[in-house]
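J.: please work out how this folds:
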Amino acid sequence: MVLTKLLTFLFTTHLQKRSFSKKENVGLISYVYKNNLSLEGITKLKNCLLRFKKTLEALDIYVMDAFATASLRNLDNSKEVLSIISNSLNIHIEIISGTTEGELSFLGAMHQIQQPTGIYIDSGGASTEFVFYKNFKNLYTISLNIGSLNLFNKFVSKIIPTKEETSQIQRQIFKEIEKIKAPKEISNPSTLTVTGGNMRAIRSLLIHYGRLNQDEYTFSAKEIHELLSLLSENKTKTMRLFLKIKPDRVHTMFCGLLILDAITNYFSIQNIQICTNGVREGYLIQKYIGGQK
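T.: Numbering: from 1, shown residues only. Next comes the predicted model:
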């Protein structure tokens, strides 16, 4: 069960050995003022979690584990929010650090990653985690405050960014990327492996334009730059396409493309692989199955 990039729930029942997924996009970052989640935002969160809890109770599941990522850990009033949720719903939330988020995401996606050495990223609404790895061993992890939703909220006035807004977003992304101190062992990676809702939505766009087959998850990095150029031609047409492909991401998909394009350019990436797993699966593996960070 997932409250995407804001709060992620993993509920398991080992007796039945079955799993199911339920997701709601609440967009908590839209309720943040002066780095505090507003009362309205807290109420939205409570109502969402209550729906999850009732669903679980209907399935006779009463043991819950929950964790929160960037949109809660970066709040000034995060302790207050957690206390309200705990007291009102009896749900205890673990806030994980950006580094831990990257490590868990890498762990969750590891069995899907094709290249034994390279860069892995998990790009979400409020942050992007980078993992530099060699022979599938994590050498260096960093979390940057670049996410498709926070970039949209900070720079975009409508739905699709203008030319000037696009330039502002690109400058902000490069400013953050320059904080990375990549290990020397990962000098010229040819492939970037990525996960995250917008990253998977980008794959759907490529399939729509016939640039990728339904069963393909790896493509040339130049496709991203060409896709950006194509989508910039007609903003109304692009917005309608986003509504058709992934309506709940209509306002964040373009920013997700800009993030991916900037990363591929900065590291001279040739190919991109999309993963379907990430931090949720990594959290599950570490907590219930066991795994090294």
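
J.: for the helix or strand hosting residue 273, packing partners?
T.: Assigned by DSSP states H and E, residue 273 belongs to strand 271-274. Here strand 271-274 touches strand 191-195, helix 197-208, strand 218-220, going by 3 or more C-beta pairs under 8 Å, 6 or more residues apart in numbering; DSSP states H and E. In this view, the C-beta of every residue, glycine as well, is placed from N, C-alpha and C.

J.: now it: average pLDDT?
T.: Average pLDDT, strand 271-274: 98.

J.: to residue 267, which of the helices and strands packed on strand 271-274 lies closest?
T.: Ranking these by proximity to residue 267 (C-beta to C-beta) places strand 191-195 first, at 7.0 Å.

J.: before we move on, the earlier item: could the helices and strands packed on strand 271-274 go into JSON lines alongside mean pLDDT, mean neighbour count and distance to residue 289?
T.: Formatted as JSON lines, the helices and strands packed on strand 271-274 follow (pLDDT from 0 to 100; neighbours: other C-beta atoms under 10 Å; distance: least, C-beta to C-beta, whole Å):
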{"stretch": "strand 191-195", "mean pLDDT": "97", "mean neighbour count": "24", "distance to residue 289": "19"}
{"stretch": "helix 197-208", "mean pLDDT": "96", "mean neighbour count": "20", "distance to residue 289": "24"}
{"stretch": "strand 218-220", "mean pLDDT": "97", "mean neighbour count": "16", "distance to residue 289": "27"}
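
J.: just the strands in the chain please.
T.: For the chain, applying DSSP state E gives strands covering 2-3, 7-10, 23-24, 32-33, 36-37, 65-68, 93-95, 118-123, 128-134, 137-144, 191-195, 218-220, 271-274.

J.: what's the fifth one in contact with?
T.: When contacts are defined by C-beta atoms under 8 Å, 6 or more residues apart in numbering, strand 36-37 is touched by residues 28, 31, 45, 72, 75, 76, 77, 78, 81.

J.: for PyMOL, what selects the buried ones among the residues you listed?
T.: Restricted to buried positions by 16 or more other C-beta atoms under 10 Å, the PyMOL selection for the contacts of strand 36-37 reads:
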select buried, resi 28+31+45+72+75+77+78+81
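
J.: got JSON lines for the contacts of strand 36-37, with pLDDT too?
T.: Output for the contacts of strand 36-37, formatted as JSON lines (pLDDT from 0 to 100):
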{"residue": "28", "pLDDT": "85"}
{"residue": "31", "pLDDT": "90"}
{"residue": "45", "pLDDT": "94"}
{"residue": "72", "pLDDT": "92"}
{"residue": "75", "pLDDT": "94"}
{"residue": "76", "pLDDT": "96"}
{"residue": "77", "pLDDT": "97"}
{"residue": "78", "pLDDT": "95"}
{"residue": "81", "pLDDT": "96"}
